[in-house]
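S.K.: Curious how this folds, go ahead:
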Amino acid sequence: MEQQNTKKYNTLRVVTFIQSALILVAVLFILFSGILNNKSEYLLGKSQSDNGEYVIEIYEVGSPNLFRSNTVKAYYRDANHRHGTAVFTVEVNNGQDSLTKNNFSLEWDGDTAILYLEGSEHTRTRHEINFETAKQEQ
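M.R.: Below is the predicted model:
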């Protein structure tokens, strides 16, 4: 009888150890996911409209990792800063590689910027950024 209780006790200890280890791994994963979530912005390119009236800057936000795609932000304003800077944000899946100038192209149609984005795991998409939507500074 005592030997049977000892086996049950040892089994319970092993199960408790495994559960504790799994909980510890989950907590560490959550902590490191937050720490690794870099929000620094890296300039990919800057362009001005044909008439020189509007400016757009394309940035990659943070670094891609196993759990998230690349984030692209486009800041756009008029050349004299008469309008407040508006932001356009979109996700692009380039695997775990950072974006380069090869992942986007930018064309102008009057006061509308046409941004084409693509990644190694993301088909080419078209995004129109119209400067009339930029809010004026108060």
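
S.K.: Residue nearest the middle of the chain, spatially speaking?
M.R.: In the chain, the centroid-proximal residue (CA atoms, centre = their mean) is Thr71; its distance is 2.8 Å.

S.K.: separation between that residue and Tyr54?
M.R.: Between Thr71 and Tyr54 the distance is 23 Å, computed by CB to CB, to the nearest Å. To be clear about C-beta, it is placed using only N, CA and C from the backbone, and glycine gets the same treatment.

S.K.: Then Asn102?
M.R.: Counting by CB to CB, the separation of Asn102 from Tyr54 is 24 Å.

S.K.: Look at the two and report which has more neighbours.
M.R.: Set side by side, Asn102 and Tyr54 show more neighbours around Tyr54, with 22 against 9, by other CB atoms under 10 Å.

S.K.: My guess is the more buried one contacts Ala74. True?
M.R.: No: taking CB atoms under 8 Å as the contact criterion, Tyr54 and Ala74 are not neighbours in contact, 11.6 Å apart.

S.K.: Touching both of those two, which residues are there?
M.R.: Taking CB atoms under 8 Å, 6 or more residues apart in numbering as the contact rule, Tyr54 and Ala74 both touch Ala113.

S.K.: re earlier: who's in contact with the residue nearest to the centre of the chain?
M.R.: Going by CB under 8 Å, 6+ apart, Thr71 touches Glu60, Val61, Gly62, Thr89, Val90, Glu91, Val92.

S.K.: What's the first helix or strand after the least confident helix or strand in the chain by mean pLDDT?
M.R.: Sorted by mean pLDDT, DSSP states H and E, the helices and strands of the chain end with strand 86-92, the least confident at a mean of 81. Counting by DSSP states H and E, the next helix or strand C-terminal to strand 86-92 is strand 104-109.

S.K.: ok, and what's touching the following helix or strand past that following strand?
M.R.: The first helix or strand that comes after strand 104-109 along the chain, using DSSP H and E, is strand 112-119. By CB under 8 Å, 6+ apart, the residues outside strand 112-119 that reach it are 47, 49, 54, 56, 58, 69-70, 72, 74, 76, 88, 90, 92-95, 99, 103-108, 124-131.
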